[in-house]
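In: no sequence on this one, just coordinates:
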C-alpha cells in the first residue's frame, strides 16, 4: 500500500499520515475492500533496488541501502487482526473491511 500511497502525491500522502482513516478515501483501498483483498507494502522495500536496476541494468551494490524504521507509537502496538481495536482507531477502514 505504501507504494500506492506515495504515488498519490504529497497532499494525499500527508493527509493520510495525519489521519490514517483517510485511507478509506483512496480508490485502491475501496477496490481492495470490495473484493476482500489485503493491501500489503512489502514491494515498497524494493523501490530503490528496482529503480537502480532499471537505470543501470545492474544490481544495486550490497550495503548501499538501509532502512531505519521509526519506533512504533505504543498506541498502535496491538494485534492488527483484532477488528474491534482497528474499528476503534480506524472506523472508516474497519467499515470497508468487515467480514
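Out: Cool, the structure landed. The shown structure was predicted, so the numbers you read here are calculated from the model rather than taken from an experiment.
In: what about residue 76, neighbour count?
Out: 10 (other C-beta atoms under 10 Å). C-betas here are computed from N, CA, C, even on glycine.
In: Low-confidence bits of this structure, can you list those?
Out: For the chain, applying pLDDT under 70 flags the ranges 1-4, 41-45, 99.
In: And the helices in it?
Out: In the chain, the helices defined using DSSP state H lie at 2-6, 10-18, 27-34, 47-56, 83-89, 91-96.
In: Would you reformat those as JSON lines and include mean neighbour count and distance to residue 72?
Out: Output for these, formatted as JSON lines (neighbours: other C-beta atoms under 10 Å; distance: least, C-beta to C-beta, whole Å):
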{"stretch": "helix 2-6", "mean neighbour count": "16", "distance to residue 72": "15"}
{"stretch": "helix 10-18", "mean neighbour count": "12", "distance to residue 72": "15"}
{"stretch": "helix 27-34", "mean neighbour count": "14", "distance to residue 72": "21"}
{"stretch": "helix 47-56", "mean neighbour count": "12", "distance to residue 72": "22"}
{"stretch": "helix 83-89", "mean neighbour count": "13", "distance to residue 72": "13"}
{"stretch": "helix 91-96", "mean neighbour count": "15", "distance to residue 72": "18"}
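In: Tabulate those in a markdown table, adding columns for distance to residue 75.
Out: Below are the helices of the chain laid out as a markdown table (distance: least, C-beta to C-beta, whole Å):
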| stretch | distance to residue 75 |
| --- | --- |
| helix 2-6 | 20 |
| helix 10-18 | 15 |
| helix 27-34 | 22 |
| helix 47-56 | 28 |
| helix 83-89 | 8 |
| helix 91-96 | 15 |
